[in-house]
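In: What follows is a predicted structure for the sequence shown.
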Amino acid sequence: ALGVSYYQGGNGPLKNRQYGLSTGLDLGKINLGLRVRYWEVRIPGSYPYRSWNLGAGVQIQLTEELLAGLFLDNITRSRISTDEISPMLWNTGINFRPNENLCLLVEVNYVLDEQWQTKLGVEYVIKPRLAVRTGFNLATLEGYFGVGFKLERINFDYAISIHPNLGVTHQGAGNYTWYD
């Protein structure tokens, strides 16, 4: 599979934009993936931070209902300025799908040399093309609420997050898959 993605998070002058090109290989019960991403963060009063990075991951179907995955993001340890290196991020997750409409998720993230984060999530598929989602980040006490739409090879996702210090932020993503 081959896919392109665009992500934007943030309100007003504080923005995080990401553009990605991904590919994947389905080996039956094991899936492999690779992503190249360009990202830009704009912070008021500072110059924009921009960088390219590379990520790779693996998913393993443990049972019919249980999927586990590991994704290493920014394995290249890209520079975001002359004196600052962007950290590597480890994402590990378990996806439990007891039926075709309900998905329960646990994700543990580790930013190299920094902190651990645990996230919990639920997705409910209302119709084959429409899903609602909610989640909670235990480390930042941030709540998420969102909706996803599927149109053949195009997916759109929208979410809001509520952070105790940052307030409400909007997140949007879209992707198109050329072939499977």
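Out: Good, I have the coordinates.
In: now the end-to-end length of stretch 68-77.
Out: One end of stretch 68-77 sits 25 Å from the other (C-alpha to C-alpha, to the nearest Å).
In: Can you tell me the SS state at Ser46?
Out: coil (DSSP: H, G, I helix; E, B strand; the rest coil).
In: Can you report phi and psi for it?
Out: phi -140, psi 160 (degrees, to the nearest 10).
In: what about it, how many residues close to it?
Out: When neighbours are counted by other C-beta atoms under 10 Å, Ser46 registers 9. Yep, even glycine has a C-beta here, placed from its N, CA and C like the rest.
In: now do Gly167
Out: 9.
In: Distance check, it against Phe136.
Out: 16 Å (C-beta to C-beta, to the nearest Å).
In: Show the average pLDDT along the strand or helix carrying Ile160.
Out: Assigned by DSSP states H and E, Ile160 belongs to strand 154-163. In this model, strand 154-163 carries a mean pLDDT of 91.
In: for the record, mean pLDDT for the helix or strand that that strand is followed by?
Out: Remark: after strand 154-163, the chain's next helix or strand is strand 167-179, criterion DSSP H and E. Average pLDDT, strand 167-179: 80.
In: cool, stretch 25-38 as well?
Out: Averaging pLDDT along stretch 25-38 yields 95.
In: mind saving the C-alpha coords of that stretch as CSV?
Out: The C-alpha trace of stretch 25-38 is given here as CSV (Å, rounded to 0.1, in the frame of the first residue of the first chain):
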residue,chain,number,x,y,z
LEU,A,25,3.7,-4.5,3.3
ASP,A,26,1.1,-7.0,4.4
LEU,A,27,2.7,-10.4,5.2
GLY,A,28,-0.4,-12.0,6.6
LYS,A,29,-0.4,-11.8,10.4
ILE,A,30,2.5,-9.3,10.3
ASN,A,31,2.5,-5.9,8.7
LEU,A,32,5.5,-3.7,8.1
GLY,A,33,5.4,0.1,7.5
LEU,A,34,7.7,3.0,6.6
ARG,A,35,6.9,6.7,6.6
VAL,A,36,8.8,9.8,5.5
ARG,A,37,7.5,13.0,7.0
TYR,A,38,8.1,16.7,6.8
